[in-house]
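J.: Structure, please.
(one chain, ligands or ions: 1)
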Amino acid sequence: MLKFDILTLFPEMFAGAFSESIINRARERGFVEIALHNIRDYAPGKHRVTDDTPYGGGGGMIMKPEPIFYAVEAVLGVDIPPEGYATLRRQGYPPVILLTPQGRLFNQPLARQMVTTHQHLVLICGRYEGVDERVRQFLATDELSIGDYVLSGGEIGAMVVVDALTRLIPGVLGDDAATAKDSHSEGLLEHPHYTRPAEFRGHGIPDILLSGHHANQQVWRRQQSLARTLARRPDLLETASLTDADHDFLRSLGQGSPVEQQPDSK
Ligand code: SAM
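T.: Residues are numbered from 1 along each chain as shown. Take a look at the predicted model:
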């Protein structure tokens, strides 16, 4: 069981993403528990203010630290010591992850590492110009970015993290082995897929997939994966773990041998 506590100003945003398909089934079957907490509920004062103008000017609004600290304390049932949450983390309290475009890049190896390491994660979704720096300094134990672009809030980032981790929990997908071949799992992009009909509007499928020869099909899938990665993301090949046969195949591509069945440039 993997538990997510998500702190957000917009909990309603998660309804659709978490109530359909794989995530919904994973929740119903007890693989994941997702608790949404409205940061506004933890803001002190009659008006429950969660943001304020930045010191020193600069425009925009900044999320205040108190509601976020109070929310984490209430959710985890613990007081954060003056030196910060890191002390609690060392005592076994869960990671507190701030979604931010300034964080380390979230990717498939990191998702796999997180799902094997943690049973409980707290995700903080920022809004506006971002959160008061003291949240990063004295509360967050990690900062994740879902890509080099800026979103309006951390909610979509939190959905991405929950989705990517949930489908890696053993038992969540019908075929656990499927995730091992997914793009980015082995440092490569996945091979192309086809399903019925074998011919659609005059477009067929590669003959090998109709041959019934499983060993050759396996080789084809690997080679397609390599060719596709070379064509689209050659940078990945620098760190992918490749066999001698893979290297031979890639070299043969460089010498004008068959590349992908489907052209990559549209
Ligand atoms: N002013 C901030 C900056 O330049 O770093 C960006 C603030 S952004 C408009 C508001 C919030 O959206 C952030 O606090 C963060 O929680 C979330 N966010 C935006 N882009 C993100 C990304 N690429 N990954 C994760 N969270 C992101």
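J.: Tell me how far the closest residue to R27 other than its chain neighbours lies from F4.
T.: For R27, ignoring the flanking residues on the chain, the nearest one in space by CB to CB, 6 or more residues apart in numbering is I34 at 6.4 Å. C-betas here are computed from N, CA, C, even on glycine. Shown here: I34 relative to F4, a distance of 5 Å by CB to CB, to the nearest Å.
J.: okay, and the helix or strand of the chain with the least pLDDT?
T.: Among the helices and strands of the chain, helix 177-181 carries the lowest confidence by mean pLDDT, DSSP states H and E, at a mean of 80.
J.: just how off-centre is it within its chain?
T.: For helix 177-181, the gap between its own C-alpha mean and the chain's C-alpha mean amounts to 16 Å (CA atoms, centre = their mean, to the nearest Å).
J.: Which positions in it come out as buried?
T.: T179 (16 or more other CB atoms under 10 Å).
J.: Count residues in the vicinity of L237, would you?
T.: Using other CB atoms under 10 Å, L237 has 16 other residues around it.
J.: now the closest residue to L237 other than its chain neighbours: how far from H191?
T.: The shortest distance from L237 to any non-neighbouring residue, by CB to CB, 6+ apart, is to T229 (5.9 Å). Going from T229 to H191 by CB to CB gives 10 Å.
J.: which one of these two has more residues nearby?
T.: Neighbours were counted for T229 and for H191 using other CB under 10 Å; T229 has more, 23 against 20.
J.: got the contact list for the least confident helix or strand of the chain?
T.: Residues from elsewhere that reach helix 177-181, judged by CB atoms under 8 Å, 6 or more residues apart in numbering: R167, L168, L173, S185, E186, E190.
J.: Which of those has the largest number of neighbours?
T.: L168 (22 neighbours).
J.: how's the chain carved up into domains?
T.: 2-176, 186-254 (automatic domain parsing).
J.: Between those domains, which one is closest to the ligand.
T.: Closest to the ligand of the domains of the chain is domain 2-176 (CB to the nearest ligand atom; 2.2 Å).
J.: near the ligand at all, stretch 52-68?
T.: No - judged by CB under 6 Å from any ligand atom, stretch 52-68 stays clear of the ligand, getting no closer than 7.3 Å.
J.: got the CA coordinates for that stretch in CSV?
T.: C-alpha atoms of stretch 52-68 as CSV (Å, rounded to 0.1, in the frame of the first residue of the first chain):
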residue,chain,number,x,y,z
ASP,A,52,0.4,37.4,0.3
THR,A,53,2.5,39.9,-1.7
PRO,A,54,6.3,39.3,-1.9
TYR,A,55,8.7,41.1,0.3
GLY,A,56,10.9,43.4,-1.8
GLY,A,57,8.3,43.7,-4.5
GLY,A,58,8.3,41.8,-7.8
GLY,A,59,4.6,41.3,-8.3
GLY,A,60,2.4,38.3,-8.0
MET,A,61,1.3,36.5,-4.9
ILE,A,62,3.3,34.0,-2.8
MET,A,63,1.8,31.2,-0.8
LYS,A,64,2.3,31.8,2.9
PRO,A,65,4.3,29.3,5.0
GLU,A,66,2.1,28.9,8.0
PRO,A,67,-0.9,27.2,6.4
ILE,A,68,1.4,24.7,4.7
